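*Asks:* I'd like to go over a predicted model; first the sequence, then the structure.
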Amino acid sequence: MKKLFVYWFVLMFIFAGPILFGSQEVEIKWSQSTMKQGETIRVDIKTLSPLQQGTLYLDKGKYTIFGVSYRAKEYRYVSYVGISRKLKPGHYTVRTDLLYMNGARYTQKKDINIASGKFKRQNIQLSGKKKSFPDRTNILSKENYYILKAFRIINRKKRFETPFIQPAKGRISATFGAMRYYNGKPYWRHSGVDIANKEGTSIVAPNNGKVVLIQDYVIHGKTIVLDHGLGIVTIYNHLSAYHVFLNQMVKKGDVIGSIGQTGLATGPHLHWGMSVQGVRVDPMYWVGKKNLVE
């Protein structure tokens, strides 16, 4: 009977270890304690047992947890949580759900406060043919369908290793989250950053990635989308020319296109956007941030 009990205890330790000792064997670290609309949070997770899968839940969104390394009997995972510009400021609870290879589960909840991004207001005056923009909602919806499809790419391979850089030189003519008014009527919050410069100005890849979309749209103009891995995807709109091809691998600093004013644009500029597992975030927040990438 004693041997049977010992055998049972050993099995429980092996197969239920994460349940019995979950709080001791899991370490979860957040890149920052204060969060604003448009920002991105990096979540690092260390465990003593391998995971089958892991997910973070915030409001109605869920974020995949990716395995990154195994060293010194320690499994390391990472995830990025995008704070949407549309998420109302206030108190939220983030739930971390880990499923181990042996079927055991570990759950942790973290209370967070999300502050306002203090977004600006931008008035845009359309003239001539561009005045018909409000009547092109069907076209915009079709374009967004393909763009959102690219934004939802979840590539488990990390392609970026160093901080992101700004993809083009120029004046920031529109910031992320700015409330856009076209001819005096409100439409939406700006989903990226506009960099104004003369037509033909070079646009470079802000980090290593793969070209997953190239298309000339009516509203968005000539467009390129790059997949950087781990759910990080960037977009480039209103280009005058492409300098890459579909499925091409690019390195940080490679020229991918040129600034233009194709599509719905009042002047030559680059619209640069970023998606974190399907959530639009401020790409400028990633520029130079070592703690997000290393």
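*Replies:* Perfect, I can see it now.

*Asks:* Strands along the stretch 51-200 of the chain, start to end?
*Replies:* 51-58, 61-64, 66-71, 74-82, 90-100, 105-115, 121-124, 171-174, 179-182, 185-189, 192-196 (DSSP state E, counting those that start in this stretch).

*Asks:* Next, format these as JSON lines and append distance to residue 275, mean pLDDT and mean neighbour count.
*Replies:* Any C-beta I mention is one placed from the backbone N, CA and C, and that applies to glycine too. Converted to JSON lines, the strands of the stretch 51-200 of the chain look like this (distance: least, CB to CB, whole Å; pLDDT from 0 to 100; neighbours: other CB atoms under 10 Å):
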{"stretch": "strand 51-58", "distance to residue 275": "15", "mean pLDDT": "96", "mean neighbour count": "18"}
{"stretch": "strand 61-64", "distance to residue 275": "12", "mean pLDDT": "95", "mean neighbour count": "18"}
{"stretch": "strand 66-71", "distance to residue 275": "16", "mean pLDDT": "87", "mean neighbour count": "13"}
{"stretch": "strand 74-82", "distance to residue 275": "7", "mean pLDDT": "95", "mean neighbour count": "20"}
{"stretch": "strand 90-100", "distance to residue 275": "19", "mean pLDDT": "95", "mean neighbour count": "16"}
{"stretch": "strand 105-115", "distance to residue 275": "18", "mean pLDDT": "94", "mean neighbour count": "14"}
{"stretch": "strand 121-124", "distance to residue 275": "21", "mean pLDDT": "61", "mean neighbour count": "13"}
{"stretch": "strand 171-174", "distance to residue 275": "18", "mean pLDDT": "90", "mean neighbour count": "14"}
{"stretch": "strand 179-182", "distance to residue 275": "19", "mean pLDDT": "58", "mean neighbour count": "16"}
{"stretch": "strand 185-189", "distance to residue 275": "15", "mean pLDDT": "58", "mean neighbour count": "12"}
{"stretch": "strand 192-196", "distance to residue 275": "10", "mean pLDDT": "94", "mean neighbour count": "22"}
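
*Asks:* So for residue 232, which of the ones you listed sits nearest?
*Replies:* strand 74-82 (6.6 Å; CB to CB).

*Asks:* Which other helices and strands does the closest one contact?
*Replies:* Applying 3 or more CB pairs under 8 Å, 6 or more residues apart in numbering; DSSP states H and E, one finds that strand 74-82 contacts strand 40-47, strand 51-58, strand 61-64, strand 66-71, strand 269-276, strand 279-281.

*Asks:* continuing past the shortest one, what's the next helix or strand?
*Replies:* Helices and strands here follow DSSP states H and E; after strand 279-281, the next one along the chain is helix 290-293.

*Asks:* helices or strands up against that following helix?
*Replies:* Using 3+ CB pairs under 8 Å, 6+ apart: helix 290-293 touches strand 40-47.

*Asks:* which residues touch the strand it packs on?
*Replies:* Strand 40-47 is contacted by residues 18, 25-32, 35, 54, 56, 65, 74-83, 96, 98, 100, 276, 281, 285-286, 291-292 when judged by CB atoms under 8 Å, 6 or more residues apart in numbering.
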